[in-house]
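Peer 1: Next comes the sequence, and after it the predicted model I'd like to discuss.
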Amino acid sequence: MKQVGEFWWRQGVFYQIYPRSFQDSNDDGVGDIRGVIDRLPYLQALGIDAIWLSPIFPSPMADFGYDIADYTGIDPLFGNMADFEALVAAAHESGLKLILDLVPNHTSDQHPWFIESRSSRDNPKRNWYIWHEPSADGGPPNNWLSEFGGSAWEYDAATRQYYYHAFLAKQPDLNWRNPEVHQAIHDVMRFWLGKGVDGFRVDVIWHLIKDANFRDNPPNPDFREGLPPSEKLLPLHTADQAEVHDAIAGMRHVVDEFPSRVLIGEIYLPPERLASYYGRDLGGAHLPFNFALLSAPWNARALEKIIHDYEAVLPTGAWPNWVLGNHDRPRVASRVGMEQARIAAMLLLTLRGTPTLYYGDEIGMHQVAIAPDQVRDPFEKNVPGIGVGRDGCRTPMQWDATRYAGFSRSTPWLPLPDDFRRENVVNLEADARSILNLYKALINLRRKLPQLTDGVYVPIAAQGDLLLYRRQSNDSSALIALNLGDEPVSIASEAAGLSGEILLSTFLDRQGEKVRGALDLRGNEGVIIGTAGAQVG
Ligand code: GLC
């Protein structure tokens, strides 16, 4: 049964689709909207509740759609507006919500707003972007660095000023100190909300406002070779500025004009800073993305601390969330290994808060090796050789064992890995113990057990490779025991309230086994134990 009502985004499981790589319906090697429609039955069977689509808007594709040239159109590569409307209708008919990517921090340099803005110093849209005089020596106005390498300032010879770009020079930053920019983006939001989309994931939301006085960023004392060059400086004056919360509150107002919509923010910050993005009186993002698991050292004690630290800073009324993968970070199966990928799945789907899955993680797709001549990612092209490349986590979905994995009938835009003939949806569906069937069982169980969505998180002291916690609501509770190591562990603890019945093992084979005061876990095994409320202390 699907979750309905105002707070569907609390109960629901989110699934990110990178549209270029999900399903190609017209055999040009790039995924598209019709492809997503064709695969809705798969998503329904998987059991997810909401799809977040990475950008599908007209774009020169310098950053694969995160450089938008028209906020209210559809790039022909992905289809047209009729296709999009068909997707909204089909998703809703299938009981799925649809979330769009909103990229308000910057546009493409081909966006008509920027073309106007750069045309002259007195153009009405000049102040829609961040223009500045050169410094005394004619160089950039200050030391701010682009995330993708080099100075964040690009000189425009025609008007003899620099413009700021936090990412590529082809992605000029909008000026969020200008109220007209707020209005323009709010109109964009209303356009899509009016078409029935269920909310937005807002790109780099913590970057929107930069220091009004353009002060230099200080050096990062922890910088070392091998980190992206932008990390030489601390982004003290270029991100996470106090005024950003006003901009977010404005977006939230727009979202609230429509019933039951959700505002999600992309934010890479430590937990105590992240917490502020729920906003004053919780009028900020409903879900400031929590990326703590993306860079977590994969051991029980580190994870226990991460969960604790996050839970500890959540403001009253704030709803948590967890993310295991996205289109910018290495695949979870490669970060933690195939055995632990199952533990990661059980963790994601039993923690308190909305889980977001990244397409392909449910079939254990790993980071695909990309030959130098196949690199597409501009970040890797600008900053080669230190492993920042994002192509390896953006490869085509592996549907079946046919030539192009059922993704397309012509050469895909990124290569498939050698093992796709084995590691694909068709094969894994047929294998009762596959990671795909584990994901389905986890999502299904989460839907069935209210304590997994609504219950509080209760840590239980454990040692070594064991991560132990309970999810408890008024009259029911579940105990989750995860073995983060590859050696067996035995737990015998009255304190843990260890009695009940195994509802699910990550190996999909111990269901129904009774547990009375002791539990043996195999290496890399996790279990969910259903315990009656009375039995837990
Ligand atoms: C976000 C996106 C990333 C993009 C960047 C610039 O971090 O997730 O893919 O490159 O913003 O838009």
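Peer 2: Received the coordinates, thanks.

Peer 1: Spell out, range by range, the helices that occur in the stretch 401-537 of the chain.
Peer 2: 425-430, 435-448, 450-454 (DSSP state H, counting those that start in this stretch).

Peer 1: Out of those, which is closest to the ligand?
Peer 2: The closest of the helices of the stretch 401-537 of the chain to the ligand is helix 435-448. By CB to the nearest ligand atom, the value is 23.1 Å. In this view, the C-beta of every residue, glycine as well, is placed from N, C-alpha and C.

Peer 1: and the closest one, what does it pack onto?
Peer 2: helix 40-46, helix 338-350, helix 425-430, helix 450-454, strand 499-505 (3 or more CB pairs under 8 Å, 6 or more residues apart in numbering; DSSP states H and E).

Peer 1: wait, which of these is closest to T395?
Peer 2: helix 425-430 (14.4 Å; CB to CB).

Peer 1: quick one on the thing from earlier: deepest-packed of the helices and strands packed on helix 435-448, please.
Peer 2: helix 338-350 (a mean of 23; mean count of other CB atoms under 10 Å).

Peer 1: tell me what it is packed against?
Peer 2: Using 3+ CB pairs under 8 Å, 6+ apart: helix 338-350 touches helix 332-336, strand 354-358, helix 435-448, strand 476-483, strand 526-532.

Peer 1: The helix or strand following the second one - what's its average pLDDT?
Peer 2: Proceeding C-terminally, strand 354-358 gives way to helix 378-382 as the next helix or strand, assigned by DSSP states H and E. Model confidence over helix 378-382 averages 98 on the pLDDT scale.

Peer 1: same check, this time on stretch 173-187
Peer 2: In this model, stretch 173-187 has an average pLDDT of 99.

Peer 1: cool, and stretch 433-441?
Peer 2: Average pLDDT, stretch 433-441: 98.

Peer 1: what's that stretch in contact with?
Peer 2: Applying CB atoms under 8 Å, 6 or more residues apart in numbering, the contact partners of stretch 433-441 are 45-47, 338, 341-342, 345-346, 349, 357, 362-364, 425, 427-429, 431, 504, 506-509.

Peer 1: What residues sit buried inside that stretch?
Peer 2: 434-441 (16 or more other CB atoms under 10 Å).

Peer 1: What's the nearest residue in the stretch 401-537 of the chain when you look at the ligand?
Peer 2: Nearest residue of the stretch 401-537 of the chain to the ligand: L414, at 14.4 Å (CB to the nearest ligand atom).

Peer 1: Count the neighbours of that residue for me.
Peer 2: Neighbourhood size, L414 [other CB atoms under 10 Å]: 22.

Peer 1: Contact partners for it?
Peer 2: Neighbouring residues of L414 by CB under 8 Å, 6+ apart: 21, 368, 370, 374, 376, 391, 394-396.

Peer 1: residues touching the one residue in the stretch 301-450 of the chain that gets nearest to the ligand, list them.
Peer 2: Closest contact between the stretch 301-450 of the chain and the ligand, by CB to the nearest ligand atom, is at D328 (4.8 Å). By CB under 8 Å, 6+ apart, the contact set of D328 is 390, 393.

Peer 1: Could you give me the buried positions within stretch 125-136?
Peer 2: 125-126, 128-131.

Peer 1: and which of the residues you listed is nearest to A184?
Peer 2: Of all the buried residues of stretch 125-136, W128 has the smallest distance to A184: 7.7 Å, by CB to CB.

Peer 1: what's the closest one in contact with, if anything?
Peer 2: When contacts are counted by CB under 8 Å, 6+ apart, W128 touches 113-114, 117, 174-175, 178, 180-181, 184.

Peer 1: Mind pulling up the pLDDT for it?
Peer 2: pLDDT, W128: 99.

Peer 1: which ones are touching the residue of the stretch 51-200 of the chain found nearest the ligand?
Peer 2: Residue nearest to the ligand within the stretch 51-200 of the chain: Y66 (3.3 Å; CB to the nearest ligand atom). Contact analysis of Y66 by CB under 8 Å, 6+ apart lists 54-55, 59, 101, 103, 167, 171, 203.

Peer 1: Checking it next. Helix, strand or coil?
Peer 2: coil (DSSP: H, G, I helix; E, B strand; the rest coil).

Peer 1: Kindly report the same for the one 4 residues further on.
Peer 2: In terms of secondary structure, D70 is coil; the call rests on three-state DSSP.

Peer 1: Quick check: buried residues in the biggest helix by length in the chain?
Peer 2: Longest helix in the chain by number of residues (criterion: DSSP state H): helix 179-194. Of all the residues in helix 179-194, those buried under the rule 16+ other CB under 10 Å are 181-182, 184-186, 188-189, 192-193.

Peer 1: same for that helix, what does it pack against?
Peer 2: When contacts are defined as 3+ CB pairs under 8 Å, 6+ apart, helix 179-194 packs onto strand 97-102, helix 244-256.

Peer 1: Can you say which of these is packed in most?
Peer 2: For the helices and strands packed on helix 179-194, average neighbour numbers computed from mean count of other CB under 10 Å are highest in strand 97-102, which has a mean of 24.

Peer 1: Just want the angle from the longest helix of the chain to helix 244-256.
Peer 2: On the basis of axes from the mean of the first three to the mean of the last three CA atoms, to 10 degrees, helix 179-194 is oriented at 30 degrees to helix 244-256.

Peer 1: about what we covered before: please produce JSON lines containing the helices and strands packed on helix 338-350, extended by distance to the ligand.
Peer 2: Listed next are these as JSON lines, based on distance: least, CB to the nearest ligand atom, whole Å:
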{"stretch": "helix 332-336", "distance to the ligand": "16"}
{"stretch": "strand 354-358", "distance to the ligand": "12"}
{"stretch": "helix 435-448", "distance to the ligand": "23"}
{"stretch": "strand 476-483", "distance to the ligand": "29"}
{"stretch": "strand 526-532", "distance to the ligand": "29"}
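
Peer 1: W153 is nearest to which of the ones you listed?
Peer 2: Comparison of those against W153 by CB to CB identifies strand 354-358 as nearest, at 33.2 Å.

Peer 1: any idea of the angle the closest one forms with strand 97-102?
Peer 2: Angle of strand 354-358 versus strand 97-102, following the same axes, to 10 degrees, is 70 degrees.

Peer 1: and strand 354-358, how far out from the chain's middle?
Peer 2: Mean-position distance between strand 354-358 and its chain equals 7 Å (CA atoms, centre = their mean, to the nearest Å).

Peer 1: and if you look at stretch 100-107?
Peer 2: Put simply, stretch 100-107 sits 14 Å off its chain's centre (CA atoms, centre = their mean).

Peer 1: Then stretch 40-59?
Peer 2: In terms of CA atoms, centre = their mean, the centre of stretch 40-59 is set 13 Å apart from its chain centre.

Peer 1: re earlier: so can I have TSV of the helices and strands packed on helix 435-448 showing mean pLDDT and distance to Q472?
Peer 2: Formatted as TSV, those follow (pLDDT from 0 to 100; distance: least, CB to CB, whole Å):
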stretch	mean pLDDT	distance to Q472
helix 40-46	98	27
helix 338-350	98	12
helix 425-430	98	33
helix 450-454	96	6
strand 499-505	95	12
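
Peer 1: would JSON lines of the ones you listed with distance to the ligand be doable?
Peer 2: Output for the helices and strands packed on helix 435-448, formatted as JSON lines (distance: least, CB to the nearest ligand atom, whole Å):
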{"stretch": "helix 40-46", "distance to the ligand": "21"}
{"stretch": "helix 338-350", "distance to the ligand": "19"}
{"stretch": "helix 425-430", "distance to the ligand": "25"}
{"stretch": "helix 450-454", "distance to the ligand": "27"}
{"stretch": "strand 499-505", "distance to the ligand": "32"}
